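>>> Need a 3D model of the following:
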Amino acid sequence: PRTSVSLILPILIFALAYSNLALGMHTWHPVPPDAQGNPQPFYAYLGNSENNDKAVAILAANVPYFGSLAALYVPILGAVLLLISSNSGVFGASRIAYGMSREKLLPSVFARVHPKFRTPAVAIAAFCSVGVLVHVFAALQGDGGLAFLGDLYAFGAATSYTLVFLALIVLRFKDPDSPRPFKIPLNVAIWKDGERIEFPIVGVLGFIGIFTILIFVLLTHDIGRIAGPSWVILGLVSYLIYRRRKNLPVLHSRVTDWSKEQVAILRDAGELELMDEYIARKREKTPG
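I've put the predicted structure just below:
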């Protein structure tokens, strides 16, 4: 929890600080007029069609005294951050695919581990290939390549966050005993089958908000509303074919001792206090 808050707050501060700086900054150099020769504020100059893809570098260049150095430093830093972000994306997606493969949600090939580096090599190669393929399609769009990637990102982010909020709400009913050291506020206690459940009001509001954004993305992004749902449908069809071929349940989970699985996850993660808390809760509900 402490780490999550420490990561969220600086990002929020940086985003607000950049916006306020762009709106209120007095430039070191005169702001060029617009295409019609009229004076324009600095924020309009940053956001015009010529500069909106390099606005941060232009903003840095207008900082007094060391702006020229900052204008060179900012693009390099941005490139490094994008490289780190791309690596973390592949890293996370490959580990998720590895975990899904072990749970019989994806073919077993994604669970193959490199004998030397002990990493899910097949999953990493698969997602790197998908990334390269997406960028090839973006390059074929010419000047619309960035808009193409933005459409895909907008749909993917809105869809994933919608599912996250939905999972949060469902897990409060399906798994009320799991330790939750970092719990969102505004929970309403309700009773279901004699069991106390903390219903997340913020989770419902978040789901409504992000689902609304998803609808807007589908309505306003020409590429996103075609490529995004097509990708989701392809994944669902592949999943259904795989589960049927392996004689696994298609519309529900395999019979699994989820309590035992939860204990193993907490133990392997080193969360021994949370594991003891979870075991104690389960014992309280066990008759006799």
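
>>> Which helix or strand contains Arg243?
Using DSSP states H and E, Arg243 maps to helix 224-245.

>>> Quick one: mean pLDDT over that helix.
Helix 224-245 shows a mean pLDDT of 89.

>>> so what does whichever helix or strand comes after it touch, helix or strand wise?
Using DSSP H and E, the helix or strand that directly follows helix 224-245 along the chain is helix 258-268. Using 3 or more C-beta pairs under 8 Å, 6 or more residues apart in numbering; DSSP states H and E, the elements in contact with helix 258-268 are helix 272-285. The C-beta positions use only the backbone N, C-alpha and C, and glycine is treated the same way.

>>> Could you figure out how far the helix it packs on is turned away from helix 258-268?
On the basis of axes from the mean of the first three to the mean of the last three C-alpha atoms, to 10 degrees, helix 272-285 is oriented at 160 degrees to helix 258-268.

>>> since we're on Gln141, how many residues are nearby?
By other C-beta atoms under 10 Å, 13 other residues sit near Gln141.

>>> For it, grab phi and psi.
Dihedral angles of Gln141 (phi, psi; degrees, to the nearest 10) stand at phi -80, psi -10.

>>> Surely it and Phe148 touch.
Yes: here Gln141 lies in contact with Phe148, judged by C-beta atoms under 8 Å, at a distance of 4.7 Å.

>>> Buried residues, the helix holding Arg243. List them.
224, 227-228, 231, 242-243 (16 or more other C-beta atoms under 10 Å).

>>> nearest to Phe42, of the residues you listed?
Checking the buried residues of helix 224-245 against Phe42 by C-beta to C-beta gives Gly224 as the nearest, at 31.4 Å.

>>> Tell me which stretches of the protein form strands.
Listed in chain order, the strands of the chain (DSSP state E) span 187-192, 195-200.

>>> Can you pull out the residues in contact with the first one?
Pointing back at strand 187-192 there. Applying C-beta atoms under 8 Å, 6 or more residues apart in numbering, the external contacts of strand 187-192 come out as 173, 196-201.

>>> Report the buried members of those.
197, 200.

>>> which ones are touching Asn51?
Asn51 touches 45, 58, counting by C-beta under 8 Å, 6+ apart.

>>> how close does it sit to Phe42?
Plainly put, Asn51 is 11 Å away from Phe42 if you go by C-beta to C-beta, to the nearest Å.

>>> Equivalent analysis for Asp53, please.
Going from Asp53 to Phe42 by C-beta to C-beta gives 17 Å.

>>> next one: Leu82
25 Å.

>>> More neighbours: which of these two?
Phe42 (18 against 10).

>>> ok, that one touching Leu21?
No: at 9.7 Å, Phe42 does not count as touching Leu21 under the criterion of C-beta under 8 Å.

>>> residue ranges with poor pLDDT in the stretch 151-288 of the chain?
287-288 (pLDDT under 70).

>>> hmm, 50 instead?
Scanning the stretch 151-288 of the chain for pLDDT under 50 picks out no residues.

>>> which residues touch the residue lying closest to Gln40 once chain neighbours are set aside?
Nearest non-adjacent residue to Gln40, counting by C-beta to C-beta, 6 or more residues apart in numbering: Asp34, 4.6 Å away. By C-beta under 8 Å, 6+ apart, the residues touching Asp34 are 40, 44, 48.

>>> ok, 10 Å please
Applying C-beta atoms under 10 Å, 6 or more residues apart in numbering, we find Asp34 in contact with 40, 44-45, 48.

>>> Now list the buried members of these.
Going by neighbour count (16+ other C-beta under 10 Å), the contacts of Asp34 have Tyr45 buried.

>>> Out of the contacts of Asp34, which is nearest to Gly67?
Relative to Gly67, and with distances defined as C-beta to C-beta, the nearest of those is Tyr45, at 14.8 Å.
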